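K.L.:
the following comprises the amino acid sequence and a computationally predicted model.
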Amino acid sequence: MTLKKTLKLLFYLCIGLSLLADLFIEAEHSLFGLDALPWFDAIYGFSSCVFIVFIAKVMGIFLQKRGDYYD
Amino acid sequence: MINHPAFIFIIGSLLIPLLRGKIKQIYILSLPILAFFVILQLPEGIPWTHKFMGYEISMRVDKLSLCFSYIFVIMAFLASLFAINVREDGQHVAAFIYAGSSLGVVFAGDLISLFIFWELMSISSIFLILYRKTKQAIAASFRYLLLHTFGGSCLLLGICIYLTQHPATFGQIGLNGIASILILIGFLLNAAAPPLHAWLPDAYPESTPSGGVFLSTYTTKTAVYTLIRAFPGVEILLWVGILMAIYGILFAILENDMRRILAYSIINQVGFMIAGIGIGTPLALNGSTAHAFCHILYKGLLWMSAGSVLFITGLSKCTELGGLYKSMPLTLCFCLIGAASISAFPLFSGFISKSMIISAAAEEHLTLAWLLLQMASAGVFLHAGIKFPYFVFFAKEKGVKARDPPLNMLIAMGLTAFLCVFFGVFPGVLYNILPYNVEYVPYTPDHVISTLQLLLFSALAFFILLPYLQRKDTITLDVDWFYRKAAPYFLWFCEKPLQDFATFLDRESRRIGRAFLWFSSNPLNAIRIMKSMLHLMLVDTDNEIEVKIKLEKYKLKHLKEHEYIGISVGILAIIIILVLYLLTIIL
């Protein structure tokens, strides 16, 4: 259990550090303005994953069948 | 011809069944090493040409073909090491013919030898699935064969039409005309682009534990090579690639079988490469080549770790696996290196190659494409980076008895993992062998931090959404449903309703024909018969019996006696028919 907790702590530490570091780094190039803001990638990454899982779930309603469907 | 690396594999493989024990193993491992040295000695240019049926057959060596050939040979060595204890000689022979013919495609300077090696690839690769010897594997390999025959036929037809107007040299084709479309379809089928992709997640997961490692390396990547060569900068490929990248993720998230997850992840990764080809700038093409190079390593590594789990436990479903981190710690370690590489973590090989493609999209100001590719990058970490290791090695303890695989498999995975990290840390080694001279620096502070944020927050999303990602024993229907489920219904439709309708039409048209024959054999009498019958039906007369007797008399003489109508009536009939005919033409 302690190992699991340590790993969790490390994970959150990494997240915090990456967010902190972004504040001190100048964006090299910007495609449409928003992407040059700090934390854009964090927000975009998170929302992309939520979106992808949502779409996959909706597809699953129609496309998922029992394991022996083709047998 | 002797210095063609393809023939070292193809001819060399035929000796494998004659050898035994340690000598056989040493021989198998030495063939890729020999081929590697032969490739190093190859002069750039066209080492030889040969006249064949009026066409020029040639071998071409340039930076693009060399780059692909290096990784093909390296992976042939690593995969053979992984498979060295496989008893059946046939598997080794098939794998080497497969690897050799891929090299043949890469070095083909003309379309004719390209096609021959292309077909040899699809035929030899089938055996890597057939040797699994399960019912599902045999059925899947037949479907694989049928689909590749279709793709090969498209390619052949395209080449035949193309050769009527062009020389046989294999170079840039570009998208113009039916020939190029057919060739593109042939290439895209092997690249597993939807909707021509279903053979991959259908057949690869049914292959033998080591066969999957070979399969994941060659077919799709030779297709990427041919697309870079023939269709660079064709815009539709950008969108085909993005579709593949996202399609692969969506299905991988729904999948339960670990090797099926990896199969969909191939579609996703090849999508990045094809998007790069669609962008078509030197940086993007370099990116696609580099990504194919790195992808072969880390995807090979992931297939090896999945193969090890399958080899040891005999299981491959996420619902049956879990908690293997205690019993297979080394396999887990290598798997995580592969997972970090495919997710493009800084210091791993995926980072230095995928970032080139995404940077190329940014440089060309393709905002939508850039956003979608970034979304796909986040999704890669979701399915291949975390989901695959999490459900196989962690998640719930299922009490599956396991241990780390034999030493040769561990060494093969260790070497592959080493290369994944090596190219991630020293990207210059790979950048030096890429086809175009473009300056690119992957490790900038902005780039590293934004990638880390993207990936870490994807991981956060995974753990928050975990309740929605729990697996049940399900499969997900894909395009192959159309030929696995819908095709039998289609056959039933052809055999029952359609056939009944055909019989009905046949019977009725014959009846109409017979009526015409009956009428025309004695028209005057026929009119009399019809008149009498009408009379009986419609008019209530007293002399009914008289008319009936008349009718019988007419019927009796109908086919026996011939009466002749006057010539004037005949001419009148002809004129009427002519007028009708003219009317139909005018109208």
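P.N.:
That came in fine, so what should we check first?
K.L.:
drop to CA atoms for contacts and neighbour counts, all remaining ones
P.N.:
Noted.
K.L.:
for the closest residue to B:L310 other than its chain neighbours, grab the count of nearby residues.
P.N.:
Leaving out its chain neighbours, the residue that sits closest to B:L310 by C-alpha to C-alpha, 6 or more residues apart in numbering or on different chains is B:S316, at 5.8 Å. Residue neighbour count, defined by other C-alpha atoms under 10 Å in any protein chain shown, stands at 20 for B:S316.
K.L.:
contacting residues for B:S316?
P.N.:
By C-alpha atoms under 8 Å, 6 or more residues apart in numbering or on different chains, the residues touching B:S316 are B:257-259, B:306, B:309-310.
K.L.:
just B:F36 next, same as before
P.N.:
B:5, B:70, B:73-74.
K.L.:
confidence score at it?
P.N.:
In this model, B:F36 is scored at 95, pLDDT.
K.L.:
for it, give its distance to B:G428.
P.N.:
For B:F36, the distance to B:G428 equals 20 Å [C-alpha to C-alpha, to the nearest Å].
K.L.:
who are the neighbours in contact with residue 34?
P.N.:
If you meant another chain, say so; for now it's chain A. Applying C-alpha under 8 Å, 6+ apart, one finds that A:L34 lies in contact with A:F40.
K.L.:
wait, I meant chain B there
P.N.:
Residues in contact with B:L34 (C-alpha under 8 Å, 6+ apart) are B:I8.
K.L.:
and it, how close does it get to chain A?
P.N.:
From B:L34 across to chain A, the span is 45 Å (C-alpha to the nearest C-alpha, to the nearest Å).
K.L.:
report the helix or strand with the lowest average pLDDT across chain A.
P.N.:
Lowest on mean pLDDT, DSSP states H and E among the helices and strands of chain A sits strand A:64-66, with a mean of 87.
K.L.:
can you name the residues that contact B:I46?
P.N.:
Contact partners of B:I46, counting by C-alpha under 8 Å, 6+ apart, are B:58-61, B:109.
K.L.:
so is the least confident helix or strand of chain A next to chain B?
P.N.:
Yes. With C-alpha under 8 Å from any C-alpha of the partner chain as the criterion, chain B is reached by strand A:64-66 at A:64-66.
K.L.:
buried only: go through these for me.
P.N.:
Neighbour-count burial (16 or more other C-alpha atoms under 10 Å in any protein chain shown) applied to the residues of strand A:64-66 next to chain B gives A:Q64.
K.L.:
could you dump the residues of strand A:64-66 next to chain B into CSV with distance to B:L285 added?
P.N.:
Converted to CSV, the residues of strand A:64-66 next to chain B look like this (distance: C-alpha to C-alpha, whole Å):
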residue, distance to B:L285
A:Q64, 37
A:K65, 40
A:R66, 42
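K.L.:
identify, from the residues of strand A:64-66 next to chain B, the entry nearest to B:I274.
P.N.:
Nearest to B:I274 among these is A:Q64, at 28.3 Å by C-alpha to C-alpha.
K.L.:
need the residues that contact stretch B:71-91.
P.N.:
Stretch B:71-91 is contacted from outside by B:16-17, B:25, B:28-29, B:32-33, B:35-36, B:92, B:96, B:99, B:102-103, B:127-128, B:131, B:210-211, B:213-214, B:217-218, B:293, B:296-297, B:300, B:304, B:408-413, B:415-416, using C-alpha under 8 Å, 6+ apart.
K.L.:
against B:L419, how distant is B:S210?
P.N.:
Separation of B:S210 from B:L419 (C-alpha to C-alpha): 19 Å.
K.L.:
who has more neighbours out of those two?
P.N.:
B:S210 (29 against 17).
K.L.:
just want the phi and psi numbers for that one.
P.N.:
Main-chain dihedrals, B:S210, degrees, to the nearest 10: phi -90, psi -30.
K.L.:
test my guess that it contacts B:L302.
P.N.:
No. With contacts counted by C-alpha atoms under 8 Å, B:S210 stays clear of B:L302, the gap being 11.6 Å.
K.L.:
per-residue pLDDT, the residue positioned nearest the centre of chain A?
P.N.:
Nearest to the geometric centre of chain A sits A:F46, at 3.5 Å (C-alpha atoms, centre = their mean). At A:F46, the predicted lDDT confidence score is 94.
K.L.:
kindly report the same for B:E495.
P.N.:
The model reports B:E495 with a pLDDT of 89.
K.L.:
same check on the one 4 residues further on?
P.N.:
At B:Q499, the predicted lDDT confidence score is 93.
K.L.:
to what extent is it buried, counted in neighbours?
P.N.:
Other residues near B:Q499 come to 13 when the count uses other C-alpha under 10 Å.
K.L.:
so it belongs to a helix, correct?
P.N.:
Yes. Under DSSP: H, G, I helix; E, B strand; the rest coil, B:Q499 falls within a helix.
K.L.:
what's near enough to touch it?
P.N.:
Residues near B:Q499 by C-alpha under 8 Å, 6+ apart: none.
K.L.:
tell me how far it lies from chain A.
P.N.:
Remark: distance between B:Q499 and chain A (C-alpha to the nearest C-alpha) = 27 Å.
K.L.:
could you measure that residue against B:F493, distance?
P.N.:
Going from B:Q499 to B:F493 by C-alpha to C-alpha gives 8 Å.
K.L.:
now, which of the contacts of B:S316 lie within strands?
P.N.:
If you go by DSSP state E, those have nothing in strands.
K.L.:
those residues in helices, which ones?
P.N.:
Cross-referencing the contacts of B:S316 against helices under DSSP state H gives B:258-259, B:306, B:309-310.
K.L.:
among these, the buried ones, what's the ChimeraX command?
P.N.:
Selecting only the buried entries of the ones in helices among the contacts of B:S316 in ChimeraX, with 16+ other C-alpha under 10 Å as the criterion:
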select /B:258,259,306,309,310
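K.L.:
does the residue at the greatest distance from the centre of chain A count as helix, strand or coil?
P.N.:
What lies farthest from the middle of chain A is A:D71; by C-alpha atoms, centre = their mean that is 36.9 Å. Following three-state DSSP, we place A:D71 in the coil state.
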